[in-house]
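K.L.:
fold the following, please.
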Amino acid sequence: MLSFAIIALSFFAVFFVTFALNEVSAQISNITYPVAELGSCVGQQECEAYCGVPSNYSKCAAFAQKNNLAIEIPDDKKAVFAAMQKGESPGGCKDEASCRNYCEDIDHIEECVNFVEKFNLASSDELKEIRQMADVKKAGVAFPGNCKTKENCLKYCDNSDNAVVCMEFALKAGFIPKADTEAVSKILPYLKSGGKLPGGCTTRESCDTYCNDDAHVTECINFAEKTGFVSKEDADIVRKTGGKSPGNCKSKEACDSYCKSETHIDECVDFAVKAGLISKEDAEMAKRFKITSGPGGCKSKADCEAFCVVNQDTCFQFAKDHGMLSEEDLKNIEEQKKFLESLGKASPEWFACMEKELGSPFFERFKAGKLTQTEAKSPALEKAQRKCGGEMAQEKEAACLALSCSEFESCLKALQSSGGDQDGEQQEEGAPNPAVNAKAQSCQQEKINACLAKSCSEFDACVNALQQGGGKQGGQQQQGESDPKLKAKIQACTDEKINACIAKPCGEFQACLNSLGAGGEGGAQQGAPNPAVQSKLMTCFPPPPSGE
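P.N.:
Below you'll find the predicted structure:
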């Protein structure tokens, strides 16, 4: 609630005239204490103090004149006093009482403010207010109820029935602080439509006093809602709670600060339940984990879920810090994070297929990672992933099949590297694509044929590269076992190497044979020794004579 300003219309000439009671004067002995005319003062010092108050000037002046006492005027007020004695004061007033009466009339405000300004009788702020009032009068703005004096204006505006007139006057005159202008602009339309201020209050102070009483909560919150100071939702909360906030906090900042303390959590949570901000289930969790707001300061379950969709790391850390997660929960969340990361690699076609299979509501929860454990393991989801993953994989594999062997292998490797993604772009386990297998075997045979066409010196390197590229172990022997042509080539090249060793001198023969892996076996193939190698061995290493 806020008040409107009514600037004081009266003029107070502050002369600070001091009445000195001359002790040596004969008249001093004629004074009898207490002096009824001077507030019943009981001594000279007390009487001087009484006359030092500007509002007592008239009484003291009359008493001084009656008793022939001297009047001392401060140097800075002598010019004012002289002007008044010459009749140069507003309306020719001679003392404070007559000046007050003359200047309280708004029609004399211009003359009075000029006098105040000339003799510096008011502070800069006071002078600014008086000058502002004079400018309003000069501009022809009608005063509330055509009031002429401060008392009349205040009396008129103290009646809440005149609130509209007084507020509009205050706005036109510029007496409403900028911070309150918007609020007054909200109140005026409500009052013009027949609305009333709570309890008939007319100022900020009186309205605050009235609305701070618990008995008036409903009336005041209804007013605040109708004038647009609070939303219907906030007004409903006040009505539900009877205006009783935790710790009687008065602002959002104060309430947040109060509810951050663990000692106030139960009180704040109970308030939130009563206000309908959280459910009883959420309240139990809040009390158990000693929290009154979630990550990012979210207050409701819906707000927290919305925040956590795009701030998962923050929410995960919040839950860990407050001990809200079990080991199983932590594991599931880690898996969920990986799942959401993998969705970024999925193709648009896969998304469209999944939405078609699952339906939009289920798919949106799936995409946002909001499925319950039951939904995450549902047959419907597994079926959709198999179907959409299989369809996407088949389409991509079909594109690979149309490529040359060198491009086909690169295409297939790219598919295999993404085979762990959530879109399931791979053939169902145990059901390989026959066309892909046939293409792979054809390309493998093409490479083998290329090796067979090479000389023995190049053949070994070609076959080794082929086996390494295929990820197999076991050398030429394993490849030869599965391909007769390759087996024959391997044997021919081996024989060529052995014959080259046989042609060497005995001193080099054994080392050459060892380098082939033949060793002391005489270059024998499994179950079939090489006769030429055996003969060379007998020549180079004849047996000792019989008996030696």
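
K.L.:
packing partners of the helix or strand hosting Val238?
P.N.:
Assigned by DSSP states H and E, Val238 belongs to helix 232-241. Applying 3 or more CB pairs under 8 Å, 6 or more residues apart in numbering; DSSP states H and E, we find helix 232-241 packed against helix 217-226, helix 265-274. For every residue, glycine as well, the C-beta is placed using N, CA and C.

K.L.:
nearest to Asn159, out of these?
P.N.:
helix 217-226 (18.1 Å; CB to CB).

K.L.:
roughly how far is that closest one from the heart of the chain?
P.N.:
The chain centre lies 30 Å from the centre of helix 217-226; the measure is CA atoms, centre = their mean, to the nearest Å.

K.L.:
report the buried residues of that helix.
P.N.:
For helix 217-226, the neighbour count (16 or more other CB atoms under 10 Å) marks 217, 220-221, 223-225 as buried.

K.L.:
got the contact list for Lys536?
P.N.:
Counting by CB atoms under 8 Å, 6 or more residues apart in numbering, Lys536 touches 502, 509.

K.L.:
rerun that using 10 Å as the cut-off
P.N.:
Going by CB atoms under 10 Å, 6 or more residues apart in numbering, Lys536 touches 498, 501-504, 506, 509-510, 513, 522-523, 530.

K.L.:
and the gap between it and Leu516?
P.N.:
13 Å (CB to CB, to the nearest Å).

K.L.:
looks to me like Gly276 is in a helix.
P.N.:
No - assigned with DSSP: H, G, I helix; E, B strand; the rest coil, Gly276 falls outside any helix and is coil.

K.L.:
what degree of burial does Leu466 show, as a neighbour count?
P.N.:
Residues near Leu466, counting by other CB atoms under 10 Å, number 18.

K.L.:
which SS class is Ile291?
P.N.:
Counting by three-state DSSP, the backbone at Ile291 sits in coil.

K.L.:
now do it, the pLDDT please.
P.N.:
At Ile291, the model reports a pLDDT of 75.

K.L.:
residues of the helix or strand containing Ser410 that come out buried?
P.N.:
Under the criterion of DSSP H and E, Ser410 resides in helix 405-417. Burial within helix 405-417, assessed by neighbour count using 16+ other CB under 10 Å, is assigned to 408-409, 411-412, 415.

K.L.:
flag every buried residue along the very next helix or strand once past that helix.
P.N.:
Toward the C-terminal end, the helix or strand that comes next after helix 405-417 (DSSP H and E) is helix 434-452. Of all the residues in helix 434-452, those buried under the rule 16+ other CB under 10 Å are 436, 439-440, 443-444, 447-448, 451-452.

K.L.:
helix 434-452 - contacts with which helices or strands?
P.N.:
Where contact means 3 or more CB pairs under 10 Å, 6 or more residues apart in numbering; DSSP states H and E, helix 434-452 is packed against helix 379-401, helix 405-417, helix 456-469, helix 475-482, helix 484-502.

K.L.:
please repeat the previous calculation with a cut-off of 6 Å.
P.N.:
Under the contact definition 3 or more CB pairs under 6 Å, 6 or more residues apart in numbering; DSSP states H and E, helix 434-452 sits against helix 379-401, helix 456-469, helix 484-502.

K.L.:
which single one of the buried residues of helix 405-417 is nearest to Val309?
P.N.:
Looking across these and measuring by CB to CB, the closest to Val309 is Leu415, at 30.6 Å.

K.L.:
got any ranges where the stretch 151-300 of the chain has weak pLDDT?
P.N.:
Within the stretch 151-300 of the chain, the ranges that satisfy pLDDT under 70 run 300.

K.L.:
how about the stretch 301-450 of the chain?
P.N.:
325, 329-330, 332-346, 369-373, 375-376, 389-396, 415-432.

K.L.:
quick one: residues contacting Gly87.
P.N.:
Not one residue lies near Gly87 by CB atoms under 6 Å, 6 or more residues apart in numbering.

K.L.:
secondary structure class for it?
P.N.:
Under three-state DSSP, Gly87 comes out as coil.

K.L.:
start the count at 760, not 1, going forward
P.N.:
Sure, I'll start counting at 760 from here, so that last one is Gly846.

K.L.:
model confidence for it, exactly?
P.N.:
At Gly846, pLDDT is 83.

K.L.:
tell me the contacts of Tyr969?
P.N.:
Neighbouring residues of Tyr969 by CB under 6 Å, 6+ apart: 957-958, 960, 975.

K.L.:
could you rerun that using 8 Å?
P.N.:
Applying CB under 8 Å, 6+ apart to Tyr969 gives the contacts 957-958, 960, 975, 979.

K.L.:
save the helices and strands packed on helix 991-1000 as TSV, and put in distance to Cys1014 too.
P.N.:
Listed next are the helices and strands packed on helix 991-1000 as TSV, based on distance: least, CB to CB, whole Å:
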stretch	distance to Cys1014
helix 976-985	16
helix 1024-1033	8
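
K.L.:
which residue sits closest to Lys1039, ignoring its sequence neighbours?
P.N.:
Val1032 (6.1 Å; CB to CB, 6 or more residues apart in numbering).

K.L.:
next one: Lys999
P.N.:
Nearest one to Lys999, counting by CB to CB, 6+ apart, is Ala1034 at 5.5 Å.

K.L.:
before we move on, the earlier item: ok, so of the buried residues of helix 1193-1211, who is nearest Asp1219?
P.N.:
Of those, the one sitting nearest to Asp1219 (CB to CB) turns out to be Cys1210, at 9.1 Å.

K.L.:
okay, that closest one: pLDDT?
P.N.:
pLDDT, Cys1210: 84.

K.L.:
can you check the one 10 residues further on too?
P.N.:
Reading off the per-residue confidence, Ala1220 sits at a pLDDT of 81.

K.L.:
and for it, the neighbour number?
P.N.:
Around Ala1220 there are 11 other residues, counting by other CB under 10 Å.

K.L.:
circling back to that earlier point, nearest to Pro849, of the buried residues of helix 1193-1211?
P.N.:
Val1195 (109.3 Å).

K.L.:
okay then, goodbye and thanks.
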